[in-house]
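> Got a predicted structure plus its sequence, pasted below:
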Amino acid sequence: MCYQFNKYKVLPPTLISKLNNFVLSQQKSDNHAYFFETDDLINSENYDGGCYYICTDNSDNIIGVITAFIIPESVTIYPVINQFHRKKHIFCKLLSLVINDLRRNNYTSLYVSIPRESSEYLSPVISSTGFKYYDSEYLMSYSFLNYHKVDDELEIFFNEDNNEIEIWLDEDYIGGAFLDFDEDDNSANRCVTFYGFEILDTFRHKGYGKKSFKSILNMLSDMGFDKMILHVSGKNKIAHNLYLNCELSVDSSIDVYELNIK
């Protein structure tokens with residue numbers, strides 16, 4: 001069988017639904033589909049900051065795809081390869097297209113994320129192409145069902161213009177964070193994403209991280225959210241332990257691998 005390999009910066013409209021159907025079919029039929037962002041389907045012809053590297057067969061059926069998310073600091077890839085066409089070097093050939101592009105643009109490394117539950121199967125595949133383990137990331141959540149507020153020792157201010165949280169101790173600004181949510185969401189399960197949490201160096205190791213987070217939970221409960229989610233790196237052990245101590249649960253985890261392409 002002859003395979004064709006193509007790169008798309010702009011996807012033809014007919015290819016968008018075809019690619020989504022391919023990804024969904026692989027997710028349903030194969031627990032080891034090379035993909036992590038299972039909810040993020042392609043919905044535009046031109047993804048700003050990304051490229052699609054697609055393999056098709058003689059009948060123009062999609063056999064595999066690598067989606068490359070490119071930002072100034074790094075590149076993360078999400079591959080999906082048809083389970084019946086593996087061990088035919090399709091992933092390696094698509095990967096070589098990505099690497100050649102990145103080298104021409106002076107990138108030095110790229111990353112791939114795989115679900116922890118598939119790690120035993122996928123890690124050898126990823127490692128065989130030169131990727132090395134880099135980090136683990138955890139998706140954590142907190143449910144406000146039956147939430148009981150705690151006493152606030154800090155002042156929390158929320159800026160609706162940029163969704164920024166400011167944390168104050170008397171007249172001292174000690175840290176902040178950001179929220180991401182759908183302002184028009186009036187459903188019974190309103191969810192907010194929490195990110196960018198930071199306590200200034202001067203106020204670290206004094207218990208203000210936990211106090212700040214609990215005060216923020218109070219604020220989110222008052223805002224009517226039912227659930228909060230966040231991502232945390234396994235390397236950030238202090239934050240990871242803080243969230244566990246504040247009774248957040250781990251919903252899923254991924255292992256991140258890095259490939260040096262200098």
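Perfect, I can see it now.
> Can you pull out the low-pLDDT segments for the stretch 101-250 of the chain?
In the prediction, the stretch 101-250 of the chain carries residues with pLDDT under 70 at positions 188.
> where do the strands sit along it?
For the stretch 101-250 of the chain, the strands defined by DSSP state E, counting those that start in this stretch occupy 109-115, 132-143, 155-159, 164-169, 172-180, 191-199, 227-233, 249-260.
> Burial-wise, tell me which of the ones you listed comes out on top.
strand 109-115 (a mean of 19; mean count of other Cβ atoms under 10 Å). Any C-beta I mention is one placed from the backbone N, CA and C, and that applies to glycine too.
> Can I get that strand in CSV, CA atoms only?
What follows is strand 109-115 as a C-alpha-only set of coordinates in CSV (Å, rounded to 0.1, in the frame of the first residue of the first chain):
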residue,chain,number,x,y,z
SER,A,109,12.8,20.6,21.3
LEU,A,110,9.2,19.3,21.1
TYR,A,111,6.9,17.5,23.5
VAL,A,112,4.3,14.8,23.4
SER,A,113,1.7,14.0,26.1
ILE,A,114,0.3,10.6,26.7
PRO,A,115,-2.4,9.4,29.2
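> Would you mind measuring from residue 159 to residue 224?
18 Å (Cβ to Cβ, to the nearest Å).
> Kindly report the same for residue 53.
Residue 53 is 43 Å from residue 224, by Cβ to Cβ.
> do residue 134 as well
38 Å.
> wait, doesn't residue 190 sit right on residue 221?
No. The criterion here is Cβ atoms under 8 Å, and residue 190 misses it with residue 221 at 11.2 Å.
> returning to what we had before: pick out whichever of residue 53 and residue 224 has more residues nearby.
A direct count of neighbours by other Cβ atoms under 10 Å for residue 53 and residue 224 places residue 53 higher, at 22 against 10.
> ok, now which ones touch the more buried one?
5-8, 65-68, 94, 97-98 (Cβ atoms under 8 Å, 6 or more residues apart in numbering).
> do that again at 6 Å, thanks
7, 66, 94, 97-98 (Cβ atoms under 6 Å, 6 or more residues apart in numbering).
> Okay, and the beta partners of the residue nearest to residue 198 when sequence neighbours are not counted?
Distances taken as Cβ to Cβ, 6 or more residues apart in numbering place residue 175 nearest to residue 198, at 5.3 Å, with adjacent residues excluded. On the basis of DSSP bridges, residue 175 is bridged to residue 167, residue 199.
> Report the backbone C-alpha coordinates of stretch 164-184 in CSV.
The C-alpha trace of stretch 164-184 is given here as CSV (Å, rounded to 0.1, in the frame of the first residue of the first chain):
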residue,chain,number,x,y,z
GLU,A,164,-7.6,38.3,37.5
ILE,A,165,-7.6,37.5,41.2
GLU,A,166,-5.6,39.7,43.6
ILE,A,167,-4.6,38.5,47.1
TRP,A,168,-4.0,41.1,49.8
LEU,A,169,-2.7,40.9,53.4
ASP,A,170,-3.7,44.2,55.0
GLU,A,171,-2.0,46.7,52.7
ASP,A,172,0.4,44.2,51.1
TYR,A,173,-0.3,42.5,47.7
ILE,A,174,1.0,39.0,48.2
GLY,A,175,-0.1,37.1,45.1
GLY,A,176,-2.7,36.4,42.5
ALA,A,177,-4.2,34.0,40.0
PHE,A,178,-6.5,33.9,37.0
LEU,A,179,-9.9,32.4,36.1
ASP,A,180,-11.3,31.1,32.8
PHE,A,181,-15.1,30.5,32.5
ASP,A,182,-18.1,31.0,30.3
GLU,A,183,-19.9,34.1,31.5
ASP,A,184,-23.1,33.0,29.6
